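Enquirer: Sequence and predicted structure are below.
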Amino acid sequence: VQLVESGGGLVQAGGSLSVSCTASGLTFYRYAMAWFRQAPGKEREFVAGISWSDGKTAYTDSVKGRFTISRDNAKNTVNLQMRSLKSEDTAVYYCAADLYGTNSYMERSYDAWGQGTQVTVSS
């Protein structure tokens, strides 16, 4: 199983950015997909998730209304569109996959992880 993130970078506060994750080596549609992030000196935290069965989404409170997660099962990709970015969104963003998952907030629920992509929001 391989998850490869792309699309991170530097953006000004208030701006928008999208990150993507391409999966291989797994039956993608059977996996709930999620984005986590880890800021310097902080624990890794759940950001957003999308279920495998019905596409139900979940978000941590701090990104609700600003971030949108989506998936394309035909392309084995999951995307995170981020807008109205804040300096506190600066982190390494990780893609994760959970077989038959249900948008768990817990890291240990996830079976596979990407290497991460840096998102930096300048104020």
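Expert: That came through, no problem.

Enquirer: Give the buried residues for stretch 60-70.
Expert: Within stretch 60-70, the residues scored as buried using 16 or more other Cβ atoms under 10 Å are Thr60, Val63, Phe67, Thr68, Ile69, Ser70. Every C-beta, even on glycine, is put in place using the N, C-alpha and C of the backbone.

Enquirer: out of the residues you listed, which are inside strands?
Expert: Counted as lying in strands by DSSP state E, out of the buried residues of stretch 60-70, are Phe67, Thr68, Ile69, Ser70.

Enquirer: Turn the residues you listed into TSV, including pLDDT and distance to Ala48.
Expert: Shown next, in TSV, are these (pLDDT from 0 to 100; distance: Cβ to Cβ, whole Å):
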residue	pLDDT	distance to Ala48
Phe67	98	6
Thr68	98	8
Ile69	98	4
Ser70	98	10
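
Enquirer: closest to Tyr100 among the residues you listed?
Expert: Ile69 (17.9 Å; Cβ to Cβ).

Enquirer: Okay, and the beta partners of that closest one?
Expert: Beta bridges link Ile69 to Leu80 when assigned by DSSP bridges.

Enquirer: who are the neighbours in contact with it?
Expert: Contacts here follow Cβ atoms under 8 Å, 6 or more residues apart in numbering; on that basis Ile69 touches Met33, Ala34, Trp35, Ala48, Gly49, Ile50, Thr57, Tyr59, Val78, Asn79, Leu80, Gln81.

Enquirer: quick one: which helix or strand includes the residue sitting nearest the centre point of the chain?
Expert: Residue closest to the average C-alpha location in the chain (Cα atoms, centre = their mean): Trp35, at 2.1 Å. Assessed by DSSP states H and E, Trp35 sits inside strand 31-38.

Enquirer: Beyond that strand, next helix or strand please.
Expert: strand 45-50.

Enquirer: Identify the residues contacting that following strand?
Expert: Contacts of strand 45-50 (Cβ under 8 Å, 6+ apart): 32-38, 56-60, 63, 67-71, 78, 80, 93, 101, 103-106.
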